[in-house]
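A.B. asks: Sequence first, predicted coordinates after that:
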Amino acid sequence: MTELTIAMPKGRIFEEAYQMLIDAGFNLPEEVEMSRKLMIEIPEEKIRFILAKPMDVPVYVEHGVADIGIAGKDTLLELKRNVHELLDLKISQCYIASAGLPNTKMNEIAPRIATKYPNVAMDYYKEIGEQVEIIELNGSIELAPMIGLADRIVDIVSTGRTLKENGLVEYERITDVSSRLIANPVSYRMKSARIQDIVTRLKKIVN
Ligand SMILES: Nc1ncnc2c1ncn2[C@@H]1O[C@H](COP(=O)(O)OP(=O)(O)OP(=O)(O)O)[C@@H](O)[C@H]1O
Ligand SMILES: O=P(O)(O)OC[C@H]1O[C@H](OP(=O)(O)OP(=O)(O)O)[C@H](O)[C@@H]1O
C-alpha cells in the first residue's frame with residue numbers, strides 16, 4: 001500500500017472530517033486533536049496526517065507535501081490553488097454573503113467592503129459591476145460596519161446568529177460553502193488507486 005499524507009484543517013471542520021474517515025472504515029485513534037501534535041502517523045493505515053490552519057490546507061496540497069486534504073470551498077474560491085476537487089463531503093455547510101447595517105445604501109464613491117475573503121469579494125463586486133475598496137481583516141468581521149470601518153462585509157453565514165447579535169442584516173447571498181476532498185494533481189496520477197479507494201469509501205457515507 002502506498003503511503004499517503006492527508007492535510008486536515010484544525011478547528012471546526014476537523015472533528016466531522018475525522019469522523020467521516022472513521023466511518024469510511026479507516027482504523028484511526030480517537031481524540032487525535034486533543035494533543036498539540038501537528039503531525040500524526042498511522043502506520044497500520046499507511047496514513048500520515050498533517051494538521052493545518054484551514055486556509056493553509058490548499059497550499060500544502062498544491063505543493064504536494066500533502067497528497068490530499070480537506071478544505072472549505074471558501075478557501076478554494078479564495079486561494080484559487082491548483083488542486084483537484086474530488087468530492088463534496090457536505091460537512092461544515094454554510095454560505096458566503098454580503099451584510100451590513102439595516103436600511104443602508106452603499107457609499108456611492110468607492111464603498112468599503114471588510115472581509116477575510118478579498119478575492120471572493122472582489123470577484124463578486126466585479127461581476128455585479130460595483131467598484132469597491134476591499135479592507136482585509138482576519139476575523140470578527142461583523143465589527144466593521146458597526147464601528148464605521150466599512151459599508152458592507154463579505155463573510156461566512158451559518159445560523160445567522162453572529163449577524164443578528166451584531167445588528168446586521170444579510171444583503172446578498174454570494175455562494176454556498178461546504179468542505180471538499182482535494183488532491184494534488186501529481187499525487188492523483190501517481191497514487192490513483194489509493195486516492196480512488198478513499199473517494200469511493202467516502203462517497204458511500206456522504207449524506
Ligand atoms: N459558522 C460556520 N459554520 C459552519 N462552517 C463554517 C463556519 N465558519 C467557517 N466555516 C467553515 O469551516 C472552515 C474552517 O473554519 P474555522 O472557523 O475553523 O477556521 P478559521 O476561522 O479560518 O480558522 P482560524 O480561526 O483558526 O484562523 C471555513 O473555511 C469554512 O469552510
Ligand atoms: O452565522 P453564524 O452561525 O453565526 O456563523 C457565522 C460566523 O462564523 C464564523 O466566524 P468564526 O466563529 O470562525 O469567528 P471569526 O470571527 O474568528 O472568523 C464567520 O466568520 C461568522 O462570523
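C.D. replies: That came through, no problem. Ligands and ions are numbered 1, 2, ... in the order given.
A.B. asks: Can you pull the residues of the protein lying near ligand 2?
C.D. replies: If contacts are counted using Cβ under 6 Å from any ligand atom, the residues of the chain sitting beside ligand 2 are Gly139, Ser140, Ile141, Glu142, Asp155, Ile156, Val157, Ser158, Thr159, Gly160, Arg161, Thr162. Heads up, the C-betas are built off the backbone N, CA and C, glycines and all.
A.B. asks: tell me which element the second one falls in.
C.D. replies: Translated: Ser140. In this structure, Ser140 sits in neither a helix nor a strand according to DSSP states H and E.
A.B. asks: Look at it and say how many residues are nearby.
C.D. replies: Burial measure for Ser140: 12 neighbouring residues, criterion other Cβ atoms under 10 Å.
A.B. asks: Quick one: low-confidence residue ranges for the protein.
C.D. replies: Applying pLDDT under 70 to the predicted model, the residue ranges of the chain that meet it are 33-34.
A.B. asks: Write the ChimeraX selection for whichever of the residues of the chain next to ligand 2 are buried.
C.D. replies: The buried residues among the residues of the chain next to ligand 2 can be selected in ChimeraX (16 or more other Cβ atoms under 10 Å) with this line:
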select :141,142,155,156,157,162
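A.B. asks: So which of the residues of the chain next to ligand 2 is the closest to ligand 1?
C.D. replies: Ser158 (3.3 Å; Cβ to the nearest ligand atom).
A.B. asks: who's in contact with the closest one?
C.D. replies: Contact criterion Cβ atoms under 8 Å, 6 or more residues apart in numbering gives Gln93, Cys94 as the residues in contact with Ser158.
A.B. asks: 10 Å - rerun?
C.D. replies: The neighbourhood of Ser158, defined by Cβ atoms under 10 Å, 6 or more residues apart in numbering, consists of Arg12, Ser92, Gln93, Cys94, Tyr95, Val177.
A.B. asks: Ok, Ala121 next?
C.D. replies: 78, 96, 98, 113-115, 132, 134-136, 152-155, 174.
A.B. asks: rerun at 6 Å
C.D. replies: For Ala121, the contact set (Cβ atoms under 6 Å, 6 or more residues apart in numbering) comprises Ile113, Thr115, Ile134, Val154.
A.B. asks: Between the residues you listed, which sits nearest Pro58?
C.D. replies: If you rank the contacts of Ala121 by distance to Pro58 using Cβ to Cβ, Thr115 comes first, at 18.0 Å.
A.B. asks: looking at it, the closest one is touching Arg152, isn't it?
C.D. replies: No. Taking Cβ atoms under 6 Å as the contact criterion, Thr115 and Arg152 are not neighbours in contact, 8.7 Å apart.
A.B. asks: ok so, going back, max pairwise distance over the contacts of Ala121: which two?
C.D. replies: Across the contacts of Ala121, no pair lies farther apart than Ile134 and Val154, at 8.6 Å, counting by Cβ to Cβ.
A.B. asks: how about the helices of the protein, start to end?
C.D. replies: Counting by DSSP state H, the chain forms helices over residues 14-23, 57-62, 73-79, 118-127, 143-146, 161-165, 185-190, 192-203, given from the N-terminal end onward.
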